[in-house]
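Enquirer: sequence and predicted model, in that order:
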Amino acid sequence: MRAEATTANPVAVAGTAWGILTAISLCHMINDVMQSMLAAIYPLLRAEFSLSYAQIGVMTFAFQVTASLLQPLIGMATDRHPQPRSLPFGMVSTFCGVLLLAFAHRYEMLLAGAMLIGVGSAVFHPESSRVARLASGGRFGTAQSLFQMGGNFGQSLGPLLAAFIVVPLGRPAVAWFAVAAALGGALLWHVGSWAEGRRRAATAKADTALRLTRGIVTRSIVVLAVLTFTKNIYTASMSSYFTFFTIDKFGLGPQGAQLMLFLFLGGMAGGVILGGVIGDRIGPLRVIWFSILGVLPFTLLLPHVGLAATGVLAVIIGLILASAFPAIVVFAQELVPGRTGTIAGLFFGFSFGMGGIAAAALGVLADAQGIERVFVLCSFLPILGVLTIFLPRPGRLIGG
């Protein structure tokens, strides 16, 4: 049986809407600043609440698995009934979660705040990814990269804001970032209204049939999911524990450790835009090959070098590793055309969920065997990038 595309191609109706792409990227930045703020204040929370590494891992688990469980469901629902005007409500949930983190006085309240931020991400990602594709004008990789660059840049800003605002002023200073969430909600209301108008104006046109069997499509989605799994376990180890690794190994203070995390996340912000732009030129499959396997020598080196080399490697690893994700999402969307929300929910949700499970497991490992052991173990994960060989050649995809 052949898998066929049965959906409209609304991007054909108009050119690239750069203003909307910029707005959705900015909102993605705000959304992910709040997410990275959670990981960035872990050292502060650990000291204030006397948390173990395992409890920190459970916080990441609470945030990411909440998003993971909801995102695919929301994606499937919005594929059937697109709801671009639902976007601001995700920011409302994030707003409430940030306030809980700022004023919590028990560990359970911290978990609730983390889960509310996860709910906000679950609402935001599937529909906003659809909006990015709708505004792409056919530049799918570039649009996906611009959208994701906002998120990665927001993740890189979190540690800096934590280092220079939250650490000096104390945990209640986190509440100031709720203002950004409120502004993001207002901007998303405008974006949702535009997307609703564009969607209604689009003329339904059927895409050409996808020249792949359902078995190949299923196998390819599983391979892409495993590649996402390896990428996000490594990302979770860096986001949740890299600050502790640099403190433990090099004796850095909280601000120095946050700056080291910023180097990694800043590299990811650059890598995610390059991955999509280059993918539009040479094809997403080549980008996936380079990103997943190309990062391996650098991850293997990271646990064994000095402070300066660790900083350089953090940037390189972030740059190469992040270039895969827009290519993976675009490749998956071409495999299953017309299911933009489902694919976004699956891969963003899978990303969050696997990262959350990994963070909890790695926290237990760090408590038992030390934080450096975590990074030695994770350095081998990119070897699984060889599974890319099971993906179909670009010529067999739509437009290939």
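Expert: Okay, I see it.
Enquirer: give me the low-pLDDT residue ranges for this structure?
Expert: Residue ranges of the chain with pLDDT under 70: 1-14, 199-212, 350-356, 394-400.
Enquirer: change it to 50
Expert: The model of the chain has pLDDT under 50 over residues 1-13, 203-209, 398-400.
Enquirer: quick one, longest helix in it?
Expert: If you go by DSSP state H, the chain has its longest helix at helix 214-250.
Enquirer: ok now it, how far from the chain's centre?
Expert: Helix 214-250 sits 11 Å away from the centroid of its parent chain (CA atoms, centre = their mean, to the nearest Å).
Enquirer: for stretch 180-187, same thing?
Expert: On the basis of CA atoms, centre = their mean, stretch 180-187 sits 20 Å off its chain's mean C-alpha point.
Enquirer: mind listing what's buried in that stretch?
Expert: The neighbour-count check on stretch 180-187 (16 or more other CB atoms under 10 Å) flags 180, 181, 184, 185, 187 as buried. Placement of C-beta: from N, CA and C, glycine included.
Enquirer: what residues does the helix or strand harbouring the last one touch?
Expert: Right, residue 187. Taking DSSP states H and E as the criterion, residue 187 maps to helix 177-201. With contacts defined as CB atoms under 8 Å, 6 or more residues apart in numbering, helix 177-201 is touched by 10, 13-14, 17, 20, 23-24, 26-27, 30-31, 33-34, 37, 82, 84-88, 90-92, 94-95, 98-99, 102, 127-128, 130-131, 134-135, 161.
Enquirer: just to revisit the earlier point, rebuild the buried residues of stretch 180-187 as CSV, extending it with distance to residue 343.
Expert: Below are the buried residues of stretch 180-187 laid out as CSV (distance: CB to CB, whole Å):
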residue, distance to residue 343
180, 28
181, 26
184, 24
185, 25
187, 24
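Enquirer: now do the next helix or strand after the longest helix of the chain and helix 214-250, the angle between them.
Expert: Following helix 214-250 in sequence order, the next helix or strand is helix 254-282 (DSSP H and E). Angle of helix 254-282 versus helix 214-250, following axes from the mean of the first three to the mean of the last three CA atoms, to 10 degrees, is 150 degrees.
Enquirer: helix 254-282 packs against which elements?
Expert: helix 18-40, helix 42-49, helix 140-161, helix 167-169, helix 214-250, helix 284-294, helix 307-322, helix 324-335 (3 or more CB pairs under 8 Å, 6 or more residues apart in numbering; DSSP states H and E).
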